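Visitor: the following comprises the amino acid sequence and a computationally predicted model.
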Amino acid sequence: MTLDLATAKRMALEYLAEQQIKPGGVPYSIVDSRVVEDDEGWYFPCQSVEFLATGDMNVSLVGNWPIFVSRDGRYVGPCRPEKWLRRN
């Protein structure tokens, strides 16, 4: 099975929703303008909803990795985008 972007994004959002219900969880949002696709899947950068609304650095998420969704859907979670970093 190969996923499409819409399905991969839904899976990334479901993962983020699970993280938000944990103690200390923060509401996240995917930054659509920064989504990167490569041969292996999609990287969905995320940021706190409050930071995206206000720009207040005090509520910014720092050092977080994007949520990676593999094309086959077997992996959904934080992933260091090594290829992505080398391209930019």
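Guide: Now that the structure is in, tell me what you want to look at.
Visitor: next, count neighbours for the nearest residue in space to Val59 that is not next to it in sequence.
Guide: Using Cβ to Cβ, 6 or more residues apart in numbering and skipping the chain neighbours, the partner closest in space to Val59 is Glu50 (4.3 Å). All C-beta spots, glycine's among them, are computed from the backbone N, C-alpha and C. As a burial measure, Glu50 scores 16 neighbours (other Cβ atoms under 10 Å).
Visitor: so Glu50 belongs to a helix, correct?
Guide: Yes: membership of Glu50 in a helix is supported by DSSP: H, G, I helix; E, B strand; the rest coil.
Visitor: show the pLDDT at it.
Guide: Glu50 carries a pLDDT value of 93.
Visitor: so it makes contact with Pro27?
Guide: Yes: counting by Cβ atoms under 8 Å, Glu50 does reach Pro27; the two are 7.3 Å apart.
Visitor: select the longest helix from this protein.
Guide: In the chain, with assignment by DSSP state H, the single longest helix is helix 5-20.
Visitor: as a whole number, average confidence for it?
Guide: pLDDT averaged over helix 5-20 gives 93.
Visitor: report all helices and strands that that helix contacts.
Guide: Applying 3 or more Cβ pairs under 8 Å, 6 or more residues apart in numbering; DSSP states H and E, one finds that helix 5-20 contacts strand 28-30, strand 41-44, strand 67-70, strand 76-78.
Visitor: can you list the buried residues in the last one?
Guide: Pointing back at strand 76-78 there. For strand 76-78, burial by neighbour count (16 or more other Cβ atoms under 10 Å) applies to Val76.
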